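>>> Can you look at this prediction? I've put the sequence above it.
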Amino acid sequence: MAVAWWKWVGLAGVVGVAATGAAVARQERQRRAYTPDEVRDRLHERLAEAEREQP
């Protein structure tokens, strides 16, 4: 019976890690949510920077 107990503890640990990872990923996506205007501005900035770096 002791083996089954450790299996459940291990499974609970894996589930906890997966849930924490999913929550962190969701928060990161929300933090990085940009408006269309912000995306456009960032793309224009990157294009200008790339054009300056070309020889």
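Structure received.

>>> Quickly find the element holding Tyr34.
Using DSSP states H and E, Tyr34 sits in no helix or strand.

>>> Roughly how far does the residue nearest the centre of the chain sit from Val17?
Nearest to the mean C-alpha position of the chain, by Cα atoms, centre = their mean, lies Ala25 at 3.8 Å. Here Ala25 is placed at a distance of 13 Å from Val17 (Cβ to Cβ, to the nearest Å). To be clear about C-beta, it is placed using only N, CA and C from the backbone, and glycine gets the same treatment.

>>> just His44 next, same as before
Taken as Cβ to Cβ, the span from His44 to Val17 is 40 Å.

>>> And Leu43, by the same measure?
On the measure of Cβ to Cβ, Leu43 and Val17 end up 36 Å apart.

>>> again, but for Gly10
From Gly10 over to Val17 (counting by Cβ to Cβ), the distance is 11 Å.

>>> All the helices of this protein, residue numbers only.
2-31, 36-53 (DSSP state H).

>>> is it possible to export the ones you listed to TSV including mean pLDDT?
As requested, the helices of the chain are exported to TSV (pLDDT from 0 to 100):
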stretch	mean pLDDT
helix 2-31	84
helix 36-53	92
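
>>> can I get the CA coordinates of stretch 33-50 in CSV?
Taking Å, rounded to 0.1, in the frame of the first residue of the first chain, the C-alpha atoms of stretch 33-50 are listed here in CSV:
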residue,chain,number,x,y,z
ALA,A,33,-1.2,41.8,-25.1
TYR,A,34,-0.8,44.8,-27.4
THR,A,35,-3.3,47.0,-29.2
PRO,A,36,-3.2,47.0,-33.0
ASP,A,37,-1.7,50.5,-32.9
GLU,A,38,1.1,49.3,-30.6
VAL,A,39,1.9,46.4,-32.9
ARG,A,40,2.0,48.6,-35.9
ASP,A,41,4.3,51.1,-34.1
ARG,A,42,6.6,48.4,-33.0
LEU,A,43,6.8,46.9,-36.5
HIS,A,44,7.6,50.3,-38.0
GLU,A,45,10.4,50.8,-35.4
ARG,A,46,11.9,47.4,-36.1
LEU,A,47,11.8,48.1,-39.9
ALA,A,48,13.5,51.5,-39.4
GLU,A,49,16.2,49.9,-37.3
ALA,A,50,16.8,47.1,-39.8
